[in-house]
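In: Below is the structure, and that's it, no one-letter string:
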């Protein structure tokens, strides 16, 4: 069997496994903070695997260049999007993303303190 | 059917849990699921042109990859500040 | 006022002069730097040269993207791409100028990024191990918010670029995402799926 085809199949299989496992993680986790952690394999690792598969399949071609440009955009956007999403979720929930202020605010309101575990 | 098309079909199954999350979860859960679906769609738009050997359609994933950031940030900004 | 004249005025308005979207009442971190302060000490000529340099950089980047995507060196295609890049570069420069965003990097910060691939692989193992434990044993991952001591730095262009890179670098690997840097307490607030560093919020 052609070695190149085997490599391409392995990389594509890896990408598919990463996506399916991560979407399962999205569904199984308890809250939005835990779910956001499963975005990185979908938004960064699986596209890298797909990009490598295209590279092995097509060599140094325009298709490979365009694919890796896309992967580059996703690699730059992904962390900041996840950061912004988590921050927004925290602000919606607590009013401020910083950790101590909600305790002081809660103490002033007389509602007592609570652990910041999620 | 080439291996790229098979991979694209298999990856499409990942949209189902995201759809369940959009349906059953909170608003922020839906945003996270939307971002996951966007990333999956970008990969589909890379796999399908390669599988069907249509190199002219490789422009779509770049557009989608750029819009992924913009659209995600718009949703997140609105949810953080006004909605 | 004629429409053409208002476009020209927009390009020369000082940064931040546009009507800003109103900030909400609750705590979003705001920079202490006013739009005018970063222009202090910069002559008009220096400002024009800087803006021209930014515009040129954008034009080169967008033209390169066009050439990669279009995959053609035919003169009319290249000219069309260059013209499209002129529009894009102009818009990008205007928007970044009005937003008052500038970037100044140090090479040694980028050298630290060489450790990121290893960190990503390690964190991927941690995250999927947590998923496996959730699937196999129904065990929820020990996640939580943590505080990691980090120097906040100055409120200069370089300081802001450093903080943006810190937040981005911390949010690449899947086990850990940064929410931000607290200027008062000099800590970075992160959320970890499996807590393994920093101190718990108390």
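Out: Done, it's in. Note that the structure is a prediction, hence the values are computed from the model and not measured.

In: mind showing which ranges of chain C have poor pLDDT?
Out: Chain C contains residues with pLDDT under 70 at C:1-42, C:201-202.

In: In chain B, which residue sits closest to chain C?
Out: residue B:81 (4.8 Å; Cβ to the nearest Cβ). C-beta here means a position set from N, CA and C on the backbone, and glycine is covered the same way.

In: Residue C:191 versus that residue, what's the distance?
Out: The gap separating residue B:81 from residue C:191 is 20 Å, by Cβ to Cβ, to the nearest Å.

In: So for the two, which residue has more residues nearby?
Out: Just comparing residue B:81 and residue C:191: by other Cβ atoms under 10 Å in any protein chain shown the higher neighbour count belongs to residue C:191, 27 against 16.

In: Close to chain C: what parts of chain A are there?
Out: Taking Cβ under 8 Å from any Cβ of the partner chain as the contact definition, chain A meets chain C at A:21, A:24-25, A:28-30, A:33-34, A:36-41, A:44-45, A:62, A:65-66, A:69, A:78-80, A:82-83, A:86-87, A:90-91, A:95-101, A:116-118.

In: and those, which of them are in strands?
Out: Counting by DSSP state E, no part of the residues of chain A next to chain C is found in strands.

In: Same list, those, but only the ones touching chain B.
Out: With Cβ under 8 Å from any Cβ as the criterion, the residues of chain A next to chain C include A:24, A:36, A:38-39, A:62, A:66, A:69, A:78, A:80, A:87, A:91 near chain B.

In: still on that earlier bit, out of the residues of chain A next to chain C, which end up buried?
Out: Neighbour counting by 16 or more other Cβ atoms under 10 Å in any protein chain shown classes A:21, A:24-25, A:28-29, A:33-34, A:36-41, A:44-45, A:62, A:65-66, A:69, A:78-80, A:82-83, A:86-87, A:90-91, A:96-101, A:116 among those as buried.

In: quick revisit: show me the ones next to chain B among the residues of chain A next to chain C that map onto helices.
Out: Counting by DSSP state H, these place A:24, A:36, A:39, A:62, A:66, A:69, A:78, A:80, A:87, A:91 in helices.

In: tell me the two of those that are most distant?
Out: The span of these, defined through Cβ to Cβ, is set by A:62 and A:91 at 43.0 Å.

In: thought residue C:65 was touching residue A:69?
Out: Yes: Residue C:65 is within contact range of residue A:69, at 7.0 Å (criterion: Cβ atoms under 8 Å).

In: For residue B:49, give me its contacts.
Out: Neighbouring residues of residue B:49 by Cβ atoms under 8 Å, 6 or more residues apart in numbering or on different chains: A:63, B:55-58, B:60.

In: who wins for neighbours among those residues?
Out: Using other Cβ under 10 Å as the neighbour test, those are led by residue B:58, with 23 neighbours.

In: Can you tell me how far the residue nearest to it when sequence neighbours are not counted is from residue C:131?
Out: Distances taken as Cβ to Cβ, 6 or more residues apart in numbering or on different chains place residue A:66 nearest to residue B:58, at 4.4 Å, with adjacent residues excluded. Noted for residue A:66: a distance of 32 Å to residue C:131, by Cβ to Cβ.

In: Would you mind putting the ones next to chain B among the residues of chain A next to chain C into a markdown table with pLDDT and distance to residue B:40 alongside?
Out: Output for those, formatted as a markdown table (pLDDT from 0 to 100; distance: Cβ to Cβ, whole Å):
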| residue | pLDDT | distance to residue B:40 |
| --- | --- | --- |
| A:24 | 95 | 13 |
| A:36 | 96 | 16 |
| A:38 | 96 | 12 |
| A:39 | 94 | 11 |
| A:62 | 89 | 24 |
| A:66 | 92 | 18 |
| A:69 | 93 | 19 |
| A:78 | 92 | 13 |
| A:80 | 93 | 19 |
| A:87 | 93 | 24 |
| A:91 | 91 | 27 |
